[in-house]
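Trainee: Dropping a prediction and its sequence here:
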Amino acid sequence: MNPNRNDMSNNWDDMLNAPSRMGTMPGGWNAPSVSVPNPIDVGDEFGDAARDMPDQMDNFRYNR
């Protein structure tokens, strides 16, 4: 089996939220739900932003 981007993204979400999906624990408490962006999506966003950077830098250039 070859891992792909969707599997890694889904596994990240499952890993962080597994405790909160177990329901009520002995003693009557619930594990908190955690919301953190997964590293796959963050890497994609940084990659897209890096490709746009030269054009954005031209927008900030001082014109005389």
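Mentor: Yes, it's here.

Trainee: ok, the closest residue to S33 other than its chain neighbours - contacts?
Mentor: Counting by Cβ to Cβ, 6 or more residues apart in numbering, S33 lies nearest to S20, which is 4.3 Å off, once chain neighbours are set aside. Yep, even glycine has a C-beta here, placed from its N, CA and C like the rest. S20 is in contact with N30, A31, P32, S33, V34, counting by Cβ atoms under 8 Å, 6 or more residues apart in numbering.

Trainee: So which of these is the closest to N11?
Mentor: Distance to N11, by Cβ to Cβ, is smallest for V34 among those, at 14.4 Å.

Trainee: that older thread, so which of the contacts of S20 are in helices?
Mentor: The subset of the contacts of S20 located in helices under the criterion DSSP state H is empty.

Trainee: any chance of the residues you listed in a markdown table, plus pLDDT?
Mentor: Output for those, formatted as a markdown table (pLDDT from 0 to 100):
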| residue | pLDDT |
| --- | --- |
| N30 | 85 |
| A31 | 83 |
| P32 | 81 |
| S33 | 79 |
| V34 | 77 |
